[in-house]
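Participant: this is a predicted model, with the sequence first.
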Amino acid sequence: MVRQYLHRSSRSQARDRHEETRYDRQRDGYRIAKPARRYTGDIDRWTPEDRSDRVYFRRSSSGSSHRRPSSGGFLGRRRSSNYYSSSDDSPSDRPSGGYFQDSVRRPEWEDEMERYMETVKYDIGGQRALDPMTNDPRVRLDRQKRRHHYYGELAANQFDVSLKHVRCLLHHMLDRYDTVACYSVHLIEEGDIIYYLDPFIIGLDQEVEGKASDFLGGQRFQAGVKVKGRFGIVTRKIGQTLKVVPISTFNGAGLETKPRSVRNEYVELRDPEHCYSRNESPHEPLEVERAFCDMKQGAAVHLITSRVSLNSQILIAGSITPGSLEKLRNMVYQIEG
């Protein structure tokens, strides 16, 4: 009798601890789904609350997560807007009042992105002259494994398509690589100029501003974060990781905003067609071999490397010459040691 009583008590305590855990999750904004028939330790089934302004995840009993589409970005703007494209020629069909009372039409670039989104949504093929690197056996294997994670509306919706250089790069990636973002590191070579999404923490002495900024953590913690699209140059490839030196423009002001004591950490780019070199760095500028979009003037490379993976949604934006790559590696070595 004593053993049976102790056994029931132990099970009751375990059930109480489980209910406390479920209550904590519910208090943090999650709605607990129907409980499993048997408690399986720290594996729990839960579903997120219905909120249209976020991207949440649904966790299965196996621990995997699947992204759900949000109403943000270009897709959210398209769904929430009730205005017609600039190509429409039937003003009598437009609703009266509201946005249309002044006969305002949306920008032409939105029509352009509508067509692009339709292409990546339905995977519409075409007679594209794909880059020879797509025939590499390693690239073809990666394409089969994970191209679907880097293709489609959700992949494109991660970028700020209101920026002209982003739209140029998205079209370039579709035409040359038949994807939205790189699904294989073997599509990228050392010396390539890339564009990627860079998330970072905002300090307590900085203002959290802009549409790309937010607070995360809920009731557990709170931290200001921001996501910014950056250009960078790949100096090394190590497995599935890229060592990248970021490119900054300082809002077009170049190195004029930096004190002379730190300008040794920067080197400018020289490309008369797409960007401008002001020679404000003590180093000789790097030569751009090819560029697939315009860059703001005053572009300067910070000679401190960071790690970038495919999760950063990489777009190929160009490359520097082999001689400039070797020079860049030597300068990075002198700065980092």
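Facilitator: Structure's in. What do you need?
Participant: can you pull out the strands in the chain?
Facilitator: With strands called from DSSP state E, the chain shows them at 30-32, 46-48, 57-59, 65-67, 192-201, 213-216, 223-238, 241-248, 266-270, 286-291, 300-302, 306-308, 315-320.
Participant: what about Ile194, how many neighbours?
Facilitator: 23 (other C-beta atoms under 10 Å). Bear in mind the C-beta positions are built from the backbone N, C-alpha and C, glycine included.
Participant: residues in contact with Cys293?
Facilitator: 164-165, 168-169, 172, 195, 274, 317-318 (C-beta atoms under 8 Å, 6 or more residues apart in numbering).
Participant: of all these, which comes closest to Gln297?
Facilitator: Set against Gln297, the nearest of the contacts of Cys293 by C-beta to C-beta is His274 (9.8 Å).
Participant: which of the strands of the chain comes out lowest on mean pLDDT?
Facilitator: Mean pLDDT values for the strands of the chain show the minimum at strand 46-48, a mean of 37.
Participant: shaky segments in this structure?
Facilitator: For the chain, the stretches with pLDDT under 70 are 1-71, 78-105, 125-127, 272-279.
Participant: ok, the residue found closest to Ala253 once you drop the neighbours it is linked to in the chain to Leu163 distance?
Facilitator: In space, and not counting its chain neighbours, Ala253 is closest to Gly298: 6.0 Å by C-beta to C-beta, 6 or more residues apart in numbering. Gly298 sits 17 Å away from Leu163, going by C-beta to C-beta, to the nearest Å.
Participant: just want to know which of these two has more residues nearby.
Facilitator: Shown here are Gly298 and Leu163; by other C-beta under 10 Å, Gly298 has more neighbours (22 against 14).
Participant: ok, now which ones touch the more buried one?
Facilitator: 249-250, 252-256, 268, 276, 278.
Participant: follow-up on the earlier one: show the buried residues in the contacts of Cys293.
Facilitator: Buried by 16 or more other C-beta atoms under 10 Å: 165, 168-169, 172, 195, 274, 317-318, out of these.
Participant: distance to Pro285 for these - can I get that in a markdown table?
Facilitator: Below are the buried ones among the contacts of Cys293 laid out as a markdown table (distance: C-beta to C-beta, whole Å):
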| residue | distance to Pro285 |
| --- | --- |
| His165 | 20 |
| Cys168 | 23 |
| Leu169 | 23 |
| His172 | 24 |
| Tyr195 | 20 |
| His274 | 13 |
| Ala317 | 17 |
| Gly318 | 15 |
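Participant: wait, which of those is closest to Phe215?
Facilitator: Looking across the buried ones among the contacts of Cys293 and measuring by C-beta to C-beta, the closest to Phe215 is Tyr195, at 26.2 Å.
Participant: okay, the closest residue to the closest one other than its chain neighbours and Phe215: tell me how far apart.
Facilitator: Closest residue to Tyr195 apart from its sequence neighbours, by C-beta to C-beta, 6+ apart: Leu315 at 4.4 Å. Leu315 is 28 Å from Phe215, where distance means C-beta to C-beta.
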